[in-house]
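1. I would like the atomic coordinates for the input below:
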Amino acid sequence: FNNILTSVLGNVSMARATLPRSGPASNLLTEAEQACVRARQITWRLLTFSKGGVPAKKTLGIAHILHESAGIALRGSAVRCTFNLPPHLWMVEADEVQLVQVFSNVFINAKEAMPHGGVITVTAENVVEADRRSECALPVVPGNYLQVSIVDEGIGIPREHIGRIFDPYFSTKQRGSGLGLATTYSIVKNHGGFLVIESNLGRGTTVRVSLPASSSHAVYQPVEPMAHRSGDRRRVLVMDDEASIRTLTSNMLQFLGYDAEVVDSGSAAIERFAHRKFDVVMLDLIVPGEMGGKEAMRWLADINPSVKAILVSGHTRDAVLADFRDHGFQAVIAKPFTLQELSATLCSVIGTPGWRVH
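-> Reported below is the predicted structural model:
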């Protein structure tokens, strides 16, 4: 299903990037792209809960994650969101996909607590924790944290339920699965963070999510339209066993101003890499019946120890996603991905991309 969704999302995002920002066609494609992103989040949420997805951590800013999560959770509702996100917030080392799940789940619960509409206030701040303690049975280790507070104006949570809201399958809603906040708890725990819940019946609930701050100063930069840069085009080698994904990725790379070559297996990637020079290699993690990305990377590093590579994953539970740098990769990108996400990932690995897209 991820490969099917990759083809749909990739082509929609590429079509949208060819049009002006405003206009009926662009607006319709934006709607389609957002629908694909919501479908992607549902797929990843199911995989995370059922398989216990290993965090594929990278240095992230929080602002775009909060905006995306709110858009997914609140779309079509009478609830609106206000953001207080000051500049110079600390970065976090986190799995972007899983963080979107964390905050989407919190936003969904806040929305359902306000069936007639209302306002959710989101605030982020840098916090230094000096004392060792526990919150919601999660350890708080002294250090620097990025804290996100999500405050609703809903019905509140009864005191007797506060201690159980993160339990799997516990729900006070007639149609609730009890999995959303349990998944949130698991992800925050796996990231070394902690949660605080404050609630008053009839007055609303505050959920505080604290994540360890990163020592890195990398900054997330949304991609914007710009003209093709001058100079030689970068060459990218793509390895994927699915023909449709190879074709799509090649088209996306060419649109971004790169030259792309594609192969269908790890052994074919090794053969091509040994005879051609590439600025970056994109390797699919798992190739049924053939050599996958992790094994191929070892061979590529023997050929050229300075090889730059991106691990492409359908969000499996393989531990290589969490420690991809230990296996020689510079970045991870999860299927399905948009044109903007591909451009940003390439930028992080080999510098300024040929195109920046809206």
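
2. could you pull out the helices for the stretch 51-200 of the chain?
-> 63-74, 96-112, 159-162, 180-190 (DSSP state H, counting those that start in this stretch).

3. show me where the stretch 151-300 of the chain has strands.
-> 194-200, 204-212, 235-239, 259-263, 280-284 (DSSP state E, counting those that start in this stretch).

4. quick one on the thing from earlier: quickly compare the helices of the stretch 51-200 of the chain and say which is most buried.
-> helix 96-112 (a mean of 24; mean count of other Cβ atoms under 10 Å). Just so you know, the C-beta spots here come from the backbone N, C-alpha and C atoms, and that holds for glycine as well.

5. report the angle between the axes of that helix and helix 180-190?
-> 140 degrees (axes from the mean of the first three to the mean of the last three Cα atoms, to 10 degrees).

6. Report all helices and strands that helix 96-112 contacts.
-> Other helices and strands packing on helix 96-112, by 3 or more Cβ pairs under 8 Å, 6 or more residues apart in numbering; DSSP states H and E, are helix 24-51, strand 58-60, helix 63-74, strand 79-84, strand 118-129, strand 143-151, helix 180-190, strand 204-212.

7. go again using 6 Å as the cut-off
-> Secondary-structure packing of helix 96-112 (3 or more Cβ pairs under 6 Å, 6 or more residues apart in numbering; DSSP states H and E): helix 63-74, helix 180-190.

8. what comes into contact with it?
-> 44-45, 55, 60, 65-66, 68-70, 72-74, 77, 79, 120, 150, 152, 180-181, 184, 187, 207, 334 (Cβ atoms under 6 Å, 6 or more residues apart in numbering).

9. mean confidence score for that helix?
-> For helix 96-112, mean pLDDT is 89.

10. before we move on, what about stretch 298-313?
-> On average, stretch 298-313 scores 94.

11. and the end-to-end length of it?
-> 17 Å (Cα to Cα, to the nearest Å).

12. can you redo the helices of the stretch 51-200 of the chain as a markdown table with distance to Q254?
-> Below are the helices of the stretch 51-200 of the chain laid out as a markdown table (distance: least, Cβ to Cβ, whole Å):
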| stretch | distance to Q254 |
| --- | --- |
| helix 63-74 | 26 |
| helix 96-112 | 26 |
| helix 159-162 | 54 |
| helix 180-190 | 36 |
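
13. Tell me which of those helices lies nearest to P24.
-> Closest of the helices of the stretch 51-200 of the chain to P24 is helix 63-74, at 20.7 Å (criterion: Cβ to Cβ).

14. How about residues contacting that closest one?
-> R38, Q41, C81, L85, L99, V100, F103, S104, F107, I108, K111, V122.

15. S7 is nearest to which of the helices of the stretch 51-200 of the chain?
-> It's helix 96-112; of the helices of the stretch 51-200 of the chain, that one is closest to S7 (Cβ to Cβ) at 18.8 Å.

16. Can you give me every residue that contacts G76?
-> Contacts of G76 (Cβ under 6 Å, 6+ apart): none.

17. And it, how far from T184?
-> From G76 across to T184, the span is 22 Å (Cβ to Cβ, to the nearest Å).

18. again, but for S210
-> 13 Å.

19. E295 too?
-> 34 Å.

20. And for I165?
-> 10 Å.

21. about what we covered before: quick one: which two of the contacts of helix 63-74 are the most distant?
-> Most distant of the contacts of helix 63-74, by Cβ to Cβ, are R38 and L85, 22.4 Å apart.

22. ok, G257 - how many residues close by?
-> For G257, the neighbour count with other Cβ atoms under 10 Å is 17.

23. Check V141 too.
-> When neighbours are counted by other Cβ under 10 Å, V141 registers 12.

24. tally of neighbours for the nearest residue to it once chain neighbours are set aside?
-> In this structure, V141 finds its nearest non-sequential neighbour in R132, 6.5 Å apart by Cβ to Cβ, 6 or more residues apart in numbering. Number of residues near R132 (other Cβ under 10 Å) recorded here: 9.

25. May I have the predicted confidence score for A78?
-> 90.

26. and the gap between it and H67?
-> 19 Å.

27. ok, I157 to E129 distance?
-> To E129, I157 is 24 Å away according to Cβ to Cβ.

28. who's more crowded, these two?
-> I157 (20 against 17).

29. care to break the chain down by domain?
-> 62-212, 221-350 (automatic domain parsing).

30. quick one, which of these is nearest to T18?
-> So among those, domain 221-350 is nearest, using Cβ to Cβ, at 8.0 Å.

31. chain center to that closest one: distance?
-> Averaging C-alpha positions (Cα atoms, centre = their mean, to the nearest Å) puts domain 221-350 17 Å from its chain's average.

32. Poorly predicted segments of the stretch 101-250 of the chain, please.
-> 163-164, 167-180, 216-232 (pLDDT under 70).

33. do that again at 80, thanks
-> For the stretch 101-250 of the chain, residues meeting the criterion pLDDT under 80 lie at 158-180, 216-232.

34. K277 - how many residues pack around it?
-> 8.

35. Setting the sequence-adjacent residues aside, check what's closest to it.
-> Here the residue nearest K277, using Cβ to Cβ, 6+ apart, is R235, at 6.9 Å.
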